[in-house]
Structure formats: C-alpha cells, structure tokens
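In: fold the following.
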Amino acid sequence: MANRIILHIDMNSYFASVEQQANPHLRGRPVGVCEHLGGIIIAPSVEAKRLGIKLGTPVWEAVKIFPQIALLHADPDKYRHVTKQFMTILEDYSDDVEQYSIDEAFLDITKYCVGDYNEALLLGLEIKQRLRLSVGEWVSCSIGIGPNKLIAKIAADLDGGAPSFLQREGKGEFLDRICVITPERIPLLYDKLKLTDVPGIGSRLERALNKLGIVSLRELAIYPLSNLLNQFGMWGYVLHSWANFNTTTSPFSPPHEEGMGEVLVPKSFGHAYTVPKVLTRLGDIKKLMFKLSEKVGRRMRKYGARGSVIHYFHSGPSFSLAPGGRGEGEGGYFSKQRKIREFINDGKDIFKVAWGIYCSDLFPSPSPGLGRVAEGRERSNESIKIMGVSVSGLKFSASGGDQDFLFEQYKRPRWLMEVMDQINNKYGEYTITRAGMYNAPQEWAKDTVGFGRMRII
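Out: Here you go, the predicted model:
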C-alpha cells in the first residue's frame with residue numbers, strides 16, 4: 001500500500017519510570033535499575049540521566065556521582081505486565097501492531113487516519129492520554145509519525161517536535177514528545193540529523209564512514225552504492241537505504257506462515273551477565289559459563305533453532321558496556337568465535353565449545369581437558385567481571401532443527417533435553433538442571449528483560 005502512515009511509540013526511561021509509578025516515594029528522585037549492586041545501571045530515570053548517569057554506567061560510578069541515588073533490582077514481571085497493558089491499548093487503533101522491544105512498538109495507522117497526518121497527530125495525542133489514564137501519569141512515552149518505520153523512529157527521537165505543553169519541568173529535556181514528519185519534509189532531515197542519529201549507525205560505523213570521506217547523511221545518501229557494497233558488503237545496501245530514509249524490510253513482520261512473505265528471524269541467541277564480584281576461580285568461571293550456555297540453548301529450542309557458530313567474550317573489572325552493547329574501557333577484554341560442523345542447541349554442547357574458546361586464551365598450549373580443572377582451586381590469570389555466550393549461524397525447523405538419528409545413542413540426549421524442558425516449563429526454571437550448574441549462585445543470570453530489537457531476549 002502506498003502512502004502509509006506509521007506510528008512509533010517509545011516509552012521513556014521505561015524500567016525506572018515504571019518503578020516510579022509503582023512507588024510514589026521514588027518520583028522526582030534519581031533512580032537506577034540494575035540486576036545487582038555489583039553490576040551496571042540498565043535503566044536510569046530521567047532525573048539520573050540529568051546528573052550524567054546513563055545506561056551502562058557501573059553502579060559504583062553512579063553512587064559516586066550521586067550517593068543518594070535509589071538503586072533497585074530489576075523486576076521483569078512488573079515491566080512485562082505494564083508492556084502488556086500498553087500493547088492492549090495500541091491494538092485498539094490498528095490491526096498491524098509490531099512490538100519492537102519491551103518498551104517500543106510500531107503501528108500502521110494508515111486506515112485509521114485515512115491517510116491524513118493531522119488525524120495521525122490527534123491519534124498520537126489520544127494514545128498518550130489513554131496511557132496516562134490506564135498505565136499511570138508517571139510512565140510517559142515519545143511518539144514519532146512518518147511514512148515508514150525508519151522515519152517514525154527518528155521522529156520519536158526528535159526533541160524539536162514536542163509542543164511546550166507536553167514538556168515536564170526540567171532542563172529543557174522533552175520527556176513526552178510527539179513529532180510528525182510528512183513526506184514533503186523528509187529532505188529537511190539532512191540539515192537536522194547527524195550520522196549517528198540514524199538508528200543502527202553507531203560511533204564505530206561512523207568512524208568507518210568518515211574514513212571514506214562521508215561525514216554527513218547527505219554525503220552518505222549520494223555516495224555511490226557500488227562503492228558502499230565493495231566496502232561493507234550487503235551492509236552497504238542497508239546504509240544506502242537508511243541514508244535515503246527507506247526501510248529495508250516490509251512495513252510489518254507478517255505471521256510465520258507459509259506464503260505470507262518475508263519474516264524477520266533471529267540472527268543470533270545470546271546471554272551476557274555482569275557478576276557482583278569479579279571471578280578468578282576456574283570453578284566459578286565454569287559454572288557461570290555453563291549457566292549462560294544452558295540459557296542460550298533453552299531459548300534456541302523454544303524457537304526451533306540450532307546454530308554452528310559459538311561466540312564467547314569476557315572482560316575485566318574496569319570494562320563496562322555502553323548503550324547499545326558497545327564496550328568501553330580497559331580490563332582484559334577477550335572475544336572470539338568458533339565455527340563447528342554440527343548445528344547444536346544443547347547447552348552442554350554450547351558450553352563445551354565456549355569453554356574450549358576460553359581455554360585457548362587461558363592455556364594457549366595445550367588447553368586442559370574439562371575434567372583436569374580442579375573446581376574452586378585453580379585460578380585464572382584474568383579477573384572476569386562480564387561474560388557472554390552467543391550462538392549464530394542458525395537454521396530453524398519446527399523440531400528445533402533436529403535431524404532424524406538412526407542410532408539410539410544419538411537420540412537419548414535429545415530425549416533428555418525434551419524431558420528437562422517439559423519439567424522446567426511446568427514447575428519453573430532450573431527445577432531440574434545438569435551437574436555443571438550445581439552450587440552455582442541462584443542470582444547469576446536470573447530472568448532479565450532487555451532493550452533493543454525483540455529478536456530473542
């Protein structure tokens with residue numbers, strides 16, 4: 001359909017504002033939501049942001065900036081409940097609603113607004129009012145409206161689009177904005193935006209573009225596509241499309257049914273965790289790696305996926321994650337991936353590959369067998385604060401990508417996984433676990449929610 005109107009809604013400082021809505025004593029105070037006091041801030045309140053406490057700030061640094069900050073443990077069930085509330089509201093206005101993350105969504109409102117952007121603006125204001133009444137006045141959102149998803153998302157981030165009466169008191173920061181970008185006003189964005197204002201272009205990619213002499217969106221838009229393809233491969237086509245404010249996917253992801261067109265599928269499954277205290281004992285490092293691997297495998301089986309590329313990373317105590325998952329600082333950062341012949345989704349198998357990658361760094365020649373590491377005794381030559389395991393190179397099927405095995409000994413591990421999944425689904429996570437997780441602290445890598453594309457979290 002031509003002349004679409006897409007609305008993007010982005011909840012502001014989501015986890016922290018949900019906590020402030022639930023507890024009036026937190027309102028107006030700097031709040032930081034974290035997994036634990038030894039980790040990082042995963043959601044700062046607006047008040048905390050004004051003090052310089054951002055997403056990814058280590059907790060100790062946040063306390064140093066403002067000792068009276070209210071630190072709260074993440075409450076995933078609470079956030080999911082609120083998300084369900086606002087998604088129910090959005091579904092009243094469109095049959096085409098795509099939940100982009102736990103705090104973001106897109107709506108195709110073309111039919112509802114009959115192609116009229118003035119009607120779209122009024123609809124956005126109505127949605128804001130319903131959110132205030134149903135969810136709470138302290139949980140605010142930003143809304144962007146445009147002819148496609150990319151422009152709508154950019155519009156939601158434009159401060160200049162908010163009427164003054166929608167601005168909460170503060171240092172000129174728009175917290176409840178709404179912005180409409182009509183097709184005829186798209187060329188004006190080239191004078192308004194920097195390269196990094198386009199979702200998906202971070203500082204690292206910006207530096208790569210700068211080396212090609214591209215320092216603005218306008219220069220990227222007119223840069224020869226063939227040169228971008230030579231430099232970035234298929235990413236060059238994506239960059240070219242973004243710079244011309246075109247999306248590279250269909251307006252909305254259709255249901256996963258045959259004949260329904262393109263479906264956006266996960267490119268990887270992963271889990272990372274920041275421990276409260278640095279790990280130096282190999283036994284502790286193994287337990288955390290095993291638990292992360294099991295969580296990744298369990299998600300993969302849920303979505304019918306197997307993968308052949310395993311990636312492992314860790315970093316030391318002075319290394320931190322910046323917004324968007326980028327790493328900053330020093331602290332012994334190590335990252336490596338390994339491609340294997342088989343496609344796997346068993347946490348035990350994922351762990352074996354990840355542990356092999358780790359051992360190649362710890363014991364370059366030769367790496368010890370898993371059984372030779374004396375648990376809790378031998379120490380690593382590195383202190384680990386953050387660890388992550390992910391699997392890519394995926395293939396999907398209704399049965400998890402499983403092949404039909406001829407011999408009984410190959411079928412038994414699959415049957416065991418199926419039984420373990422059924423028990424944990426019925427009685428709760430980790431009701432039954434493998435011995436590799438024995439005595440692993442329960443608080444390690446608990447249930448979490450994350451920002452960003454809802455591929456798999």
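
In: for residue 7, give the beta-bridge partners.
Out: According to DSSP bridges, residue 107, residue 145 are recorded as the beta-bridge partners of residue 7.

In: that one touches residue 142, doesn't it?
Out: No - counting by CB atoms under 8 Å, no contact exists between residue 7 and residue 142, whose distance comes to 11.3 Å. No exception for glycine: its C-beta is placed from N, CA and C like everyone else's.

In: looking at these two, which one has more neighbours?
Out: Ranked by neighbour count (other CB atoms under 10 Å), residue 7 and residue 142 place residue 7 first, with 31 against 26.

In: measure the more buried one to residue 222 for me?
Out: 30 Å (CB to CB, to the nearest Å).

In: repeat that for residue 216.
Out: 10 Å.

In: before we move on, what about residue 132?
Out: On the measure of CB to CB, residue 132 and residue 222 end up 43 Å apart.

In: which of these two has more residues huddled nearby?
Out: Of the pair residue 132 and residue 222, residue 132 is the one with more neighbours under other CB under 10 Å, namely 15 against 11.

In: can you give me the end-to-end distance of stretch 186-204?
Out: Separation of the first and last residues of stretch 186-204 by CA to CA, to the nearest Å is 26 Å.

In: ok, now stretch 198-209?
Out: Stretch 198-209 stretches 13 Å from its first residue to its last (CA to CA).

In: burial of the residue nearest to residue 48 when sequence neighbours are not counted, as a residue count?
Out: Ranked by CB to CB, 6 or more residues apart in numbering and with sequence neighbours excluded, the top spatial neighbour of residue 48 is residue 30, at 4.0 Å. Other residues lying near residue 30 total 22 when counted by other CB under 10 Å.

In: isn't residue 30 up against residue 57?
Out: No - at 11.5 Å, residue 30 and residue 57 do not qualify as touching, with contact defined as CB under 8 Å.

In: which residues do these two both contact?
Out: Taking CB atoms under 8 Å, 6 or more residues apart in numbering as the criterion, residue 30 and residue 57 both touch residue 44.

In: and whichever strand in the chain runs longest, what other elements does it pack with?
Out: Secondary structure of the chain read by DSSP state E shows that its longest strand is strand 379-396. Under the contact criterion of 3 or more CB pairs under 8 Å, 6 or more residues apart in numbering; DSSP states H and E, the helices and strands touching strand 379-396 comprise strand 268-281, helix 282-302, strand 305-315, strand 334-344, helix 347-362.

In: so how far is the third one from its chain's centroid?
Out: Right, the one you point to is strand 305-315. Between the mean C-alpha point of strand 305-315 and the mean C-alpha point of its chain there is a distance of 16 Å (CA atoms, centre = their mean, to the nearest Å).

In: now do it, average pLDDT.
Out: Taken as a whole, strand 305-315 carries a mean pLDDT of 90.

In: for residue 137, give its distance to residue 226.
Out: Using CB to CB, residue 137 is found at 52 Å from residue 226.

In: angle of the longest strand of the chain against strand 305-315?
Out: Angle between the axes of strand 379-396 and strand 305-315 is 150 degrees (criterion: axes from the mean of the first three to the mean of the last three CA atoms, to 10 degrees).

In: in strand 379-396, what's buried?
Out: By neighbour count, with 16 or more other CB atoms under 10 Å as the criterion, the buried positions of strand 379-396 are 380, 382-394, 396.

In: might you list the low-confidence residue ranges for the protein?
Out: Across the chain, the ranges flagged by pLDDT under 70 are 1-2, 159-176, 248-266, 318-332, 362-381, 398-457.

In: show me the domain layout of it.
Out: Split into domains by automatic domain parsing, the chain comes to 1-192, 193-243, 268-437.

In: chain center to the first one: distance?
Out: So the one you mean is domain 1-192. Taking mean C-alpha positions (CA atoms, centre = their mean), domain 1-192 and its chain are 16 Å apart.

In: and what of the shortest one?
Out: With CA atoms, centre = their mean as the basis, the distance from the averaged C-alpha position of domain 193-243 to the chain average is 22 Å.

In: hmm, back to that, looking at the buried residues of strand 379-396, which is nearest residue 66?
Out: When those are ranked by distance to residue 66 (CB to CB), residue 385 comes first, at 22.4 Å.

In: ok, how many other residues are close to the closest residue to residue 190 other than its chain neighbours?
Out: For residue 190, ignoring the flanking residues on the chain, the nearest one in space by CB to CB, 6+ apart is residue 218 at 4.4 Å. Counted with other CB under 10 Å, the neighbours of residue 218 add up to 15.

In: likewise for residue 37?
Out: Neighbours of residue 37 (other CB under 10 Å): 11.

In: for this structure, what spans make up the strands?
Out: Assigned strands in the chain, in chain order: 6-11, 31-34, 41-44, 70-73, 97-101, 104-108, 141-146, 178-180, 268-281, 305-315, 320-321, 327-328, 334-344, 379-396 (criterion: DSSP E).

In: C-alpha coordinates for the second one, CSV please?
Out: Pointing back at strand 31-34 there. Only the C-alpha atoms of strand 31-34 are listed here, as CSV (Å, rounded to 0.1, in the frame of the first residue of the first chain):
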residue,chain,number,x,y,z
VAL,A,31,16.6,6.1,40.3
GLY,A,32,18.8,3.4,38.8
VAL,A,33,17.5,-0.1,38.0
CYS,A,34,20.2,-2.8,38.0
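
In: which residues touch it?
Out: Where contact means CB under 8 Å, 6+ apart, the residues beyond strand 31-34 that reach it are 15-16, 19-20, 40-45, 47-48, 53, 57, 59, 62, 69-74.

In: show the buried residues in these.
Out: In the contacts of strand 31-34, the ones that pass as buried (16+ other CB under 10 Å) are 15-16, 19-20, 40-45, 47-48, 53, 57, 59, 62, 69-70, 72, 74.

In: so which of the residues you listed sit within helices?
Out: Secondary structure assignment (DSSP state H) places 15, 16, 19, 20, 47, 48, 59, 62 from those within helices.

In: list the buried ones in stretch 219-237?
Out: 220, 221, 223, 228, 232, 236.
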